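Asker: I would like to see how this sequence folds:
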Amino acid sequence: MKKLLLSLLLITTYSSLYSQGTVYLVLGSDTAIWESMNTNRYNCTYNISLFADATMNAAKVMDPQFRSRFRDSFGTPVKITWWMMAGNIFRFATNNNVPVANTMTLWLMKKYYQNRVSQFGDELSLHYHTFGWTDYDMDGVFRWNQTKTFMECKDDFDLTLAQFLVEENTFPVSFRSGWHAMDNDWQNYLDRLLPYSLHNDYPAKRSDLTEPLDNIYDWSLASAEFVPFHPSSDNYQLAGDLKGWNVRSKSMGGISQSLLNTTFQKANEGTDQLACIWSHLPDSEFPQQIQRVDSLVHKAALLYPDVKFRYCTAVEAYQLWRKGNDTISPEISFRAIPMGDRTRFSVTSSEAIFQAQPFVAVKDVYGRYFVADCVATGINSWETSESFLTSELGKAAVALTDTMGNQSISSIRFLPDDRFFDNHDYEYAEVSGNWSSSSSAAWGTDSRVASLNPGDSARVRWNFYPERTGWHSAFIQFPDVPNQLDSLRIRVYKNGFAVNVLDYANNAERKKWSHVASGEFESGSVYTFEVTGKNGSASVKMMCADVMKFSAFVRDRQLLCDVSVLDMEEHSVEDTLFVRIPIANGGVNDLTILSAGAVGLSSLGSYPFTVRGMGSADLSLIFVPTGLGRFTDTVVITSNDPVSPLLKIPFSVTVVPYFEVVDNDDSTGYSEVGAWNNSVAQAYGNSSRYANLSGSGVVPVAKFETTLDKAGVYDVYFIVPVTVNAADRALYKVKSGGGVMDSLIIDQNEGSGVWRRVGRYSFNGSVSLEVIDSRTGTSGRVLRADAVKWAIADPSGVEGDVDLPESFVLYQNYPNPFNPGTVIRFELPVSGFVSGVVYDVLGGRVAVLVSGVDVGRRACC
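Answerer: Next comes the predicted model:
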């Protein structure tokens, strides 16, 4: 009997011990670059410091000591799945400090942390927002809006997949949609590409009617469980007939102790749980959020000691949850099939794949990307249905994923990948001169600079070892360091023997690739590009060295234009608009521009004309307003580009009554007092300025001034970049003819990124707006300055509907009278003579603040 009872006890204990489920936790980041992202700008230039700066979040969470603090039930440190954002708003970025703008987040993560990704077992995948440059509300202003349907941006999504595969050898197996946005078309398309989604955001539902549109989603009908399900082809929220999987996710900031307790309880009852807990790498609290989640998880685990939890990547979690035994990637064969002067591709797999067909992407010598459809030719074998000109092929790649999510990628290189050598690579050397590091960089985090006295010289060199014989082009890029040498001499050596000498005019735009030379390069040889600078001036000059690029993607002729959209925003009805379109020839042979123009724009200059190989030119057009309102057109440029002879650029302008704008880059209308700094963040123009609010030293002042051509009543506006750390009590002084008309304390953070109205005033002649540190705001912030606009509201000069005060009021001065910046505000309901005089304690007159006829709300100081 005792043996029987003991056996029953052992069976019961065994059953209790092994009947619990496991909690699989996927901690991940939807990883974008937020700094300098602006949905009001078609072309953004992103700040890469999130990855490159050792003090930022990427470095913190990639620190082995940080990871080792957070371990699962098996002692494994936390893993992170990195869904890297790409597409649309990144695709059209102007960054030249990455090889391909669209893949910058992935490239930067791999550049700085690939070894750590491998060490920790992290996963790299794709995060995609359905941005579209649209004007849904028809207000004449285009923005990066969330598209209403996935199909509006499917082509961009395909191109992004192709670039991830061809350029970064990466194709998603797991996926999270931006904003958690989803529709049936998108989920059905994902089901043809990849097995694992993690964007169920139950029970969230949100709409948005105000542009820029974002965060529109509906998961109100989806599963509340952390248990994967097959979505329905008819309703992505519900379980149904698709092959792929989706599972509920929760933000790191939104996850609660009670929700995790419930998750562990259900695992304790025998149901395996798979929870995606996500945040954003650029979130200032991202490291703390990981710590918080780990703490909550361990507290839940204490309540259910028999339940084990495991930190996994997304793919790993799904595979463990599915309890599959297959962890081997398919064996793949990817071959080029010659067909005369064309090539198609064949793919074979050692096993069945999840995808509807292999994903094959092709890049040609002109930098175009194609997704090649495949047709089955047998069991687990396919060929591309289309062929490509062999002479134009650059690279092809294929991604295969089996039914468990094991992936294989293979590629064929017809041309070597572009090579980039910066001042930290062994291909770079300093030959002569006194060189030091500079934080200004066109590539990476720094550059090298040499200060040259009159008559001094310095020299650096880059070595290039071609992988194959054929045509290559060499390019160079310089950082934005002031006072650089006007010219450089570049000598090219082959195996130590001089083959070319180039006099390089150092007047190219900074942080932009500039062509050095093109020609036949032989593999097995070493080519040295030796750059020499000599200061022939009478003052000190700077020589800079940063990065060179070598590319085998040499084109015959190619029409290039950095301008994708001509959105001229507002323009005065009284002024002719001159439109400059910079174009370039990306090929080595002459390009002929046959014509350029639009229905509503006139072209200046004669056609046809020639742009030399690797040369550039400006196209000039004019727009003459014929009335007020929004005008749209399309500029069409025709050329003898062999693959894209026609270039179309949308043009739009809003014609409004007379106004004047002064930007911080306007040397005649903008001035400063105190210590100011340049910022790449901008709302208007190419930059903005900021001053640190220290509370001591010289009071920072930014002054915008101009002369108005017309007397009248004007609305005064200012704009600063989108910000949360700007001055919350900035002093704005409205002046006319040197006298203060009004003074206001404004929180620069409120409504940042758009024009904000200061007030309405009567002006005639010279005007200005001063932005001043009031010394009364929150410390540690910055005073920002970008642009100011004076827009005429009533050209008659009569106040009209100006909001006049109802009675005379004299306000208490602010701040205290001992503060030299104190302001005295008063209101006059009718026109009359005003005198404001300051006397000392002995009755002596110190200053006259105001003297003359005035009306309205005014201030003096």
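
Asker: is A275 in a bridge, and if so with what?
Answerer: L25 (DSSP bridges).

Asker: do you know how far it is from P479?
Answerer: To P479, A275 is 45 Å away according to CB to CB, to the nearest Å. Backbone N, C-alpha and C define where each C-beta goes, glycine included.

Asker: C-alpha coordinates for the helix or strand that contains H472, CSV please?
Answerer: Secondary structure from DSSP states H and E places H472 in strand 470-477. The C-alpha atoms that make up strand 470-477 are tabulated as CSV, following Å, rounded to 0.1, in the frame of the first residue of the first chain:
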residue,chain,number,x,y,z
GLY,A,470,36.4,47.1,-65.4
TRP,A,471,35.2,50.7,-65.2
HIS,A,472,35.0,52.3,-61.8
SER,A,473,34.3,55.8,-60.6
ALA,A,474,35.9,57.5,-57.6
PHE,A,475,34.1,60.1,-55.4
ILE,A,476,35.1,62.2,-52.4
GLN,A,477,33.1,64.0,-49.7
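
Asker: contacts for that strand, please.
Answerer: Applying CB atoms under 8 Å, 6 or more residues apart in numbering, the contact partners of strand 470-477 are 96, 415, 442-443, 464, 466, 504, 511-521, 529, 531, 546-552, 554, 588, 614.

Asker: count the neighbours of the nearest residue to S572 once chain neighbours are set aside for me.
Answerer: Distances taken as CB to CB, 6 or more residues apart in numbering place Y658 nearest to S572, at 5.0 Å, with adjacent residues excluded. Y658 is flanked by 17 other residues according to other CB atoms under 10 Å.

Asker: hmm, back to that, relative to the strand holding H472, what are the paired strands and their orientations?
Answerer: Partners of strand 470-477, by DSSP bridges, with direction: strand 514-521 (antiparallel), strand 547-551 (antiparallel).

Asker: check the offset of the shortest one from the chain's centre.
Answerer: On the basis of CA atoms, centre = their mean, to the nearest Å, the separation between the geometric centre of strand 547-551 and that of its chain is 23 Å.

Asker: by contact count, what packs against the helix or strand following it?
Answerer: Sequence order places strand 559-561 as the next helix or strand after strand 547-551, per DSSP H and E. Counting by 3 or more CB pairs under 8 Å, 6 or more residues apart in numbering; DSSP states H and E, the packing neighbours recorded for strand 559-561 are strand 577-585, strand 629-639, strand 646-656.

Asker: format these as a markdown table; extra columns: mean pLDDT.
Answerer: Shown next, in a markdown table, are the helices and strands packed on strand 559-561 (pLDDT from 0 to 100):
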| stretch | mean pLDDT |
| --- | --- |
| strand 577-585 | 96 |
| strand 629-639 | 94 |
| strand 646-656 | 94 |
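
Asker: could you dump the ones you listed to CSV with mean neighbour count?
Answerer: Compiled in CSV, these are given as follows (neighbours: other CB atoms under 10 Å):
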stretch, mean neighbour count
strand 577-585, 17
strand 629-639, 17
strand 646-656, 18
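
Asker: please name the nearest non-neighbouring residue to E269.
Answerer: G21 (7.5 Å).

Asker: the one you found contacts Q265, doesn't it?
Answerer: No: proximity of G21 to Q265 does not meet the contact threshold set by CB atoms under 8 Å, at 10.3 Å.

Asker: between these two, who's got more neighbours?
Answerer: Counted by other CB under 10 Å, G21 and Q265 do not tie: G21 has more neighbours, with 19 against 15.

Asker: contacting residues for the more buried one?
Answerer: By CB under 8 Å, 6+ apart, the neighbours of G21 are K266, A267, N268, E269, G270, T271, D272, Q273, V307.

Asker: repeat that for 6 Å
Answerer: If you count contacts by CB atoms under 6 Å, 6 or more residues apart in numbering, G21 has them with A267, G270, T271, D272.

Asker: and what of L198?
Answerer: R176, V247, S249, C276, A314.

Asker: likewise S447?
Answerer: S438, S440, A441, P479, C544, D546.

Asker: do you know how far it is from M543?
Answerer: Taken as CB to CB, the span from S447 to M543 is 11 Å.

Asker: G697 too?
Answerer: From G697 to M543 the distance is 34 Å (CB to CB).

Asker: which one of those two is surrounded by more residues?
Answerer: M543 (27 against 9).

Asker: distance of the more buried one from T776?
Answerer: 46 Å.

Asker: and N102, which of the three is it?
Answerer: helix (DSSP: H, G, I helix; E, B strand; the rest coil).

Asker: quick one: secondary structure of the residue nearest to it when sequence neighbours are not counted?
Answerer: Closest residue in space to N102, ignoring its immediate chain neighbours: R91 at 4.1 Å, by CB to CB, 6+ apart. Of the three states, R91 takes coil according to three-state DSSP.

Asker: how many other residues sit next to R91?
Answerer: 18.

Asker: what's near enough to touch the residue nearest to S572?
Answerer: S572, E574, K710, I792.

Asker: in the sheet, who's paired with the first one?
Answerer: Taking DSSP bridges, one finds V656 as the beta-bridge partners of S572.

Asker: that one and I792, how far apart?
Answerer: For S572, the distance to I792 - CB to CB - is 9 Å.

Asker: quick one, helices of the stretch 301-450 of the chain?
Answerer: With DSSP state H, counting those that start in this stretch, the ranges of helices along the stretch 301-450 of the chain come out as 314-322.

Asker: point out where it drops to low pLDDT.
Answerer: Low-confidence segments of the stretch 301-450 of the chain, defined by pLDDT under 70, are absent.

Asker: can you show me the strands along it?
Answerer: Taking DSSP state E, counting those that start in this stretch, the strands of the stretch 301-450 of the chain run over residues 308-311, 332-339, 342-349, 359-364, 369-372, 374-378, 381-384, 388-389, 393-401, 407-413, 419-422, 428-432, 435-438, 447-452.

Asker: so how far is the first one from its chain's centroid?
Answerer: Shown here is strand 308-311, whose average C-alpha point lies 35 Å from the average C-alpha point of the whole chain (CA atoms, centre = their mean).

Asker: tally of neighbours for H298?
Answerer: 15.

Asker: roughly how far apart are it and F226?
Answerer: 18 Å.

Asker: same question, Q748
Answerer: 43 Å.

Asker: how about K703?
Answerer: 58 Å.

Asker: swap in D742?
Answerer: Distance from D742 to F226, by CB to CB: 58 Å.

Asker: between these two, who's got more neighbours?
Answerer: Using other CB under 10 Å, the more surrounded residue of D742 and F226 is F226, with 28 against 22.

Asker: that one: what secondary structure?
Answerer: coil.

Asker: isn't it right up against R248?
Answerer: Yes: counting by CB atoms under 6 Å, F226 does reach R248; the two are 5.3 Å apart.
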